[in-house]
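# coordinates only, sequence not included:
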């Protein structure tokens, strides 16, 4: 079992930055591939970024490429999402997700790829 708790969301102006954190419980964080997803009002939850157990490779949605960076610190059981050049369309609840895998290079981009989910953190970008 893995419990995930996101933090770092908030209100920011367009062009600004935020860093989201996701703290994982348990001793098995290093065995998990991790992902970030988001859900805007009235829309389905969509993929943002993923990182393998070994930190590389990483994988991004087109909307995140060049602006967002996913990283992880296995010693702290934490995954991060650095978001720069934020746009109003980035407004959403952001969720982190975990998947146990033996494949140290695995990155998933689908909701169904992940086994555990956090409760989410709200990100609001004003224009």
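Great, that's in hand. Since we're looking at a predicted model, the values are computed, not measured.
# hey, let's count contacts and neighbours off CA atoms from now on
Fine.
# So for residue 17, what's the nearest residue that isn't a sequence neighbour?
residue 84 (4.4 Å; CA to CA, 6 or more residues apart in numbering).
# State the phi and psi torsions of the one you found.
phi -120, psi 160 (degrees, to the nearest 10).
# I'd assumed residue 13 was in contact with it.
No: contact criterion CA atoms under 8 Å: residue 84 and residue 13 do not qualify, at 11.0 Å.
# the more surrounded of these two?
Counted by other CA atoms under 10 Å, residue 84 and residue 13 do not tie: residue 84 has more neighbours, with 17 against 14.
# ok, that one - contacts?
By CA atoms under 8 Å, 6 or more residues apart in numbering, residue 84 lies in contact with 15-18, 67-68.
# By neighbour count, which of the residues you listed wins?
residue 68 (20 neighbours).
# check contacts around that one.
The contact partners of residue 68, by CA under 8 Å, 6+ apart, come to 81-84.
# try 10 Å
Counting by CA atoms under 10 Å, 6 or more residues apart in numbering, residue 68 touches 17-19, 48-49, 60-61, 81-86.
# what separates the residue nearest the centre of the chain from residue 87, distance-wise?
What sits nearest the mean C-alpha location of the chain, by CA atoms, centre = their mean, is residue 36, with 2.2 Å. Here residue 36 is placed at a distance of 17 Å from residue 87 (CA to CA, to the nearest Å).
# quick one on the thing from earlier: considering the contacts of residue 68, which possesses the most neighbours?
residue 49 (27 neighbours).
# Give the partner strands of the helix or strand hosting that one in its sheet and their orientations.
Residue 49 is located in strand 46-51, with elements delineated by DSSP states H and E. Strand 46-51 has these partner strands in its sheet, going by DSSP bridges: strand 32-39 (antiparallel), strand 58-60 (antiparallel).
# Thank you, goodbye.
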